[in-house]
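# Quick one, structure for this:
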Amino acid sequence: MEGKISVIVLAHGDEKELIKCVDRILNQNYKDYELIVVSTQKNSELEEKVNSNDRMTLYIKDADKLEDLRAYALSKASGDKILFIEPNDFLIDENSITTLDEVYTQKNADLLLNSFMTLKDGNFYFGNGDVQHILEIEFLFYQCQNVEFRKLGGSLIKRSLFDEVVSDDLVKSDQVLLNSLSKKLKILFLIIKISMYMMEQMEINCLN
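Next comes the predicted model:
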């Protein structure tokens, strides 16, 4: 069953793939979604897109790091599910949100972590994963083993979960916030379906 999804992009405004990221989101065939972009600086191309797309809202906020924008973006979200997309990532085709929501609904999940594809040195690398149910007590182990458990990009999350975590965690790293969310959710699935395509190799280490 479809429900409204708030797609959130947190940006500095000068990321080299930001416009492509936004274009791919606005091209989705999912019926009920909004795009919220919160940026630390103005971007004329983004402003033009806001003026021509009712689904998109742009906010300019001063902040030292993107995590500081997260709580503000969530306060503006009207969907009952949140999908985070990083500004240098993009959805691979127009069915990506629909596919994610179908799995989320079929599995009755509270949080859906999305496997992704990375481009490095001209080669494509696929993320880990199989469809599986993850228990809360296993979450820290999976965080150390799988990058999908340490980044919000590509994650589809039940909106009400954010109201249950400590407010300070909303401005902490993706890994810390995901760990806090894992203590509140009932069902978590990691999927092998590829719907994110990362342009740059990223090193994301497990924190002790």
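# middle-most residue in this structure, spatially?
Nearest to the mean C-alpha position of the chain, counting by C-alpha atoms, centre = their mean, stands F84 at 1.9 Å.
# hang on, that one packs against F162?
No - judged on C-beta atoms under 8 Å, F84 makes no contact with F162 at a distance of 11.2 Å. Where C-beta positions appear, they are placed from N, C-alpha and C, glycine not excepted.
# how close does V9 get to I19?
Here V9 is placed at a distance of 11 Å from I19 (C-beta to C-beta, to the nearest Å).
# swap in E86?
In terms of C-beta to C-beta, E86 sits 14 Å off from I19.
# Pick out whichever of these two has more residues nearby.
Between E86 and I19, counted using other C-beta atoms under 10 Å, E86 has the larger neighbour count: 25 against 16.
# does the closest residue in space to E47 that isn't next to it in sequence count as helix, strand or coil?
Setting aside the residues directly before and after it, E47 is nearest to L58 in space (C-beta to C-beta, 6 or more residues apart in numbering), at 6.6 Å. Counting by DSSP: H, G, I helix; E, B strand; the rest coil, the backbone at L58 sits in strand.
# Contact partners for A77?
S6, I8, E34, I36, R159 (C-beta atoms under 8 Å, 6 or more residues apart in numbering).
# Nearest to E48 among these?
Proximity of the contacts of A77 to E48 (C-beta to C-beta) peaks at I36, which lies at 17.1 Å.
# would you say that closest one is within a strand?
Yes - according to three-state DSSP, I36 belongs to a strand.
# Distance check, it against N88.
17 Å.
# which of these two has more neighbours?
I36 (22 against 17).
# residue contacts, that one?
Applying C-beta under 8 Å, 6+ apart to I36 gives the contacts S6, V7, I8, V9, M56, T57, Y59, A73, K76, A77.
# ok, now Q143?
Q143 touches F149, R150, Q175, L178, N179, C206, counting by C-beta under 8 Å, 6+ apart.
# can you give me the helices in this structure?
Taking DSSP state H as the test, the helices found in the chain are 18-26, 44-52, 67-76, 96-106, 139-145, 174-182.
# What's the local residue count around D14?
Residues near D14, counting by other C-beta under 10 Å: 11.
# Which residue, other than its chain neighbours, is closest to it?
Q41 (6.9 Å).
# Kindly report the same for C21.
F90 (4.6 Å).
# Equivalent analysis for N43, please.
G13 (4.3 Å).
# How about the contacts made by that neighbour?
Applying C-beta under 8 Å, 6+ apart, the residues contacting G13 are S39, T40, Q41, K42, N43, L46.
# For the last one, give its distance to K186.
I take that to be L46. From L46 to K186 the distance is 37 Å (C-beta to C-beta).
# swap in F149?
17 Å.
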